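*Asks:* prediction below, plus the sequence it came from.
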Protein chains: 2
Amino acid sequence: MSEPLPHASTPESTLAIVCGAGSLPFALADAAVRRGRRVVLFALRGWADPQRVTAYPHHWTWMGQFGRFIRLAADEGCRDVAFIGSVSRPSLWKIRPDLRVLRLMPQIVRLYRGGDDHLQSGIGRLFEQFGFRLVGPREIAPELAMPLGPLGSRTPGEGDRADIARGLALLNATSPFDIGQAVVVAENHVLAVEGPEGTDRMLARVAELRRNGRIRSPMGTGVLIKAAKIGQDQRIDLPTIGPQTIEGAAAAGLSGVAVVAGSTIVAEPELIASAADRVKLFVTGVDAHKAVP
Amino acid sequence: MSEPLPHASTPESTLAIVCGAGSLPFALADAAVRRGRRVVLFALRGWADPQRVTAYPHHWTWMGQFGRFIRLAADEGCRDVAFIGSVSRPSLWKIRPDLRVLRLMPQIVRLYRGGDDHLQSGIGRLFEQFGFRLVGPREIAPELAMPLGPLGSRTPGEGDRADIARGLALLNATSPFDIGQAVVVAENHVLAVEGPEGTDRMLARVAELRRNGRIRSPMGTGVLIKAAKIGQDQRIDLPTIGPQTIEGAAAAGLSGVAVVAGSTIVAEPELIASAADRVKLFVTGVDAHKAVP
């Protein structure tokens, strides 16, 4: 199965960035370019921002056009590949498989039978079989990772710190089950565990529970806690937060957002800080293994 | 604080049944009456079925009228008290506290700061302080507990059994966090963890994920798994299933429902069996600690 690419590669080979939705792909591309590296964007139709990709060397592609990717990436002299930006878990019929993918179909179907982690590490192996090297955003641009401590002007209070500790412990317990990068805890009471619906919809659910009077804690209590899963392939799917996370947390009546520092990607920290200050929430990076500061 | 009631009590004293919504309170009352025991229903306004309570000796009461309950229960010669039927976690301002409750307020507020388990065991202690004995539905009528094995004509297949085992393991892991009596697992992938929204709304969420194409598993795969929390006070809040659980599971495109035998209450097993057969789902009682049969 292994078919190494014909070209030699160096650490400074052109970086292929497979782009999902949001502004993260462009933040990553800019960070690589700042380091003097050439980038080529592989923009996923239906997800990547059509306006913004035009500012970079790019190819449009459907998810599943693996043969096309291999050919174009080789032409561009790429060995390193980064996946970034949000892509909802694709239904099999939303993928447009090319011939190369059809031949790999039995392997891909097996990947689809596990959870996210299983799918991700499988995708990694698939690319490696064809001589590519998967690189994570943190390896390319460590400055995109969430720092320790608050982003805006607010900091968690005592009750918030207790909720954060409980949320981290819960995420730790659910991590082996390949779910839940996020939970909401208010006054020691778990209000939601994230499933495939994603963080934004989970926050909308908490907002609805509040409207229905099913949450005892007053408005302005409760914390969204996000963490990478244990063993999650940090080259493929790092948790991210953006301004819409802050807005969702505010609509859910929370007091703030805590994300594990280092393993969460924040494309535009200054935007998030100002969004948090505007809605009077804290946003803070925490150490998953230490008491919350 | 302890003020034992003036009357002597025997195991055969009149049973006070505090009634929430649904048909469970009546199933329990009938089971007690079949055993030759007198019952008095304390029907919670806003929850208990006004039509059906008229068939039994009863008093209407607001949640929070604890002083009134103590007085009436003493008049009726009750020492044993059972809580049954669904009651959504009351917002503090939906309770109509009487004088007795106001005096106990500091204690009650403390109860509200923990999770469900904390609240429940606190309610138990409160009643015991006043000389009552909390009895669980299983103690009164063991026949209301879910039996081992299928209720309808269908049984879980091999994939279902793997999903059930994974669901039980996940519920076991989240149990110390005082959440989640239910999860949905399909082809080894966790689709939802129940929060304060309850089982019916969690199933509606899974149905919506399906409509949005965010679930890879085909229609007719996936299992709702329900269990009592470890350490849950089985005298107050046992998980239950009813025909609406089966309809919700069918709407979510699942293959069946598995509940831990013994610790789940099923008021009308024959109704559930026929509902399950109609929508082609299995409903089965499983042992939480053994491989799924």
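*Replies:* Structure's in. What do you need? Nothing here was measured: the structure is a model prediction, and the numbers come from that model.
*Asks:* and A:Arg154, how far from chain B?
*Replies:* Computed with CB to the nearest CB, to the nearest Å, the distance linking A:Arg154 and chain B is 23 Å. All C-beta spots, glycine's among them, are computed from the backbone N, C-alpha and C.
*Asks:* can you read off the pLDDT for that residue?
*Replies:* pLDDT for A:Arg154: 97.
*Asks:* these two touch, right, it and A:Phe282?
*Replies:* Yes - the pair A:Arg154 / A:Phe282 is scored as a contact, 3.8 Å apart, by CB atoms under 8 Å.
*Asks:* quick one, which of these two is more surrounded?
*Replies:* Between A:Arg154 and A:Phe282, A:Phe282 has the larger neighbour count (other CB atoms under 10 Å in any protein chain shown), namely 22 against 19.
*Asks:* ok, A:Phe177 - contacts?
*Replies:* Neighbouring residues of A:Phe177 by CB atoms under 8 Å, 6 or more residues apart in numbering or on different chains: A:Gly115, B:Arg166, B:Ala169, B:Leu170, B:Ala173, B:Val190.
*Asks:* show me the two of those residues that sit farthest apart.
*Replies:* Pairwise distances across those (CB to CB) peak at 14.5 Å, for the pair A:Gly115 and B:Ala173.
*Asks:* so the residue nearest to A:Glu197 when sequence neighbours are not counted: helix, strand or coil?
*Replies:* Counting by CB to CB, 6 or more residues apart in numbering or on different chains, B:Leu209 is the residue found nearest to A:Glu197 once chain neighbours are left out, at 6.1 Å. What DSSP: H, G, I helix; E, B strand; the rest coil gives for B:Leu209 is helix.
*Asks:* counting neighbours, what do you get for B:Leu209?
*Replies:* When counting by other CB under 10 Å, one arrives at 20 neighbours for B:Leu209.
*Asks:* read off the pLDDT value for it.
*Replies:* Here the pLDDT value assigned to B:Leu209 is 91.
*Asks:* which parts of the stretch 151-293 of chain A sit against chain B?
*Replies:* By CB under 8 Å from any CB of the partner chain, the residues of the stretch 151-293 of chain A that approach chain B are A:166, A:169-170, A:173-174, A:176-180, A:187-193, A:195-197, A:205, A:209, A:213-216.
*Asks:* now the strands for chain A?
*Replies:* Here chain A has its strands, by DSSP state E, at A:14-19, A:39-44, A:58-61, A:78-84, A:133-134, A:149-150, A:182-186, A:189-193, A:223-226, A:256-260, A:282-286.
*Asks:* mind putting those strands into CSV with mean pLDDT?
*Replies:* Shown next, in CSV, are the strands of chain A (pLDDT from 0 to 100):
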stretch, mean pLDDT
strand A:14-19, 92
strand A:39-44, 94
strand A:58-61, 93
strand A:78-84, 88
strand A:133-134, 86
strand A:149-150, 94
strand A:182-186, 96
strand A:189-193, 94
strand A:223-226, 96
strand A:256-260, 95
strand A:282-286, 96
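*Asks:* can you redo those strands as CSV with distance to B:Glu270?
*Replies:* Formatted as CSV, the strands of chain A follow (distance: least, CB to CB, whole Å):
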stretch, distance to B:Glu270
strand A:14-19, 55
strand A:39-44, 52
strand A:58-61, 56
strand A:78-84, 53
strand A:133-134, 56
strand A:149-150, 58
strand A:182-186, 39
strand A:189-193, 34
strand A:223-226, 44
strand A:256-260, 49
strand A:282-286, 52
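*Asks:* out of these, nearest to B:Val40?
*Replies:* Per CB to CB, nearest to B:Val40 of the strands of chain A: strand A:189-193, 33.2 Å.
*Asks:* which other helices and strands contact the closest one?
*Replies:* For strand A:189-193, the elements it packs on are helix A:158-174, strand A:182-186, helix A:199-211, judged by 3 or more CB pairs under 8 Å, 6 or more residues apart in numbering or on different chains; DSSP states H and E.
*Asks:* return the most buried member of those.
*Replies:* Among those, judged by mean count of other CB atoms under 10 Å in any protein chain shown, the one packed with the most neighbours on average is strand A:182-186 (a mean of 27).
*Asks:* quick one, that strand and strand A:256-260 angle?
*Replies:* 140 degrees (axes from the mean of the first three to the mean of the last three CA atoms, to 10 degrees).
*Asks:* mind listing residues that contact strand A:182-186?
*Replies:* Contacts to strand A:182-186, defined as CB under 8 Å, 6+ apart, come from residues A:163-164, A:166-167, A:170-171, A:190-194, A:199, A:202-203, A:206, A:215, A:217, A:221-227, A:239, A:252, A:254.
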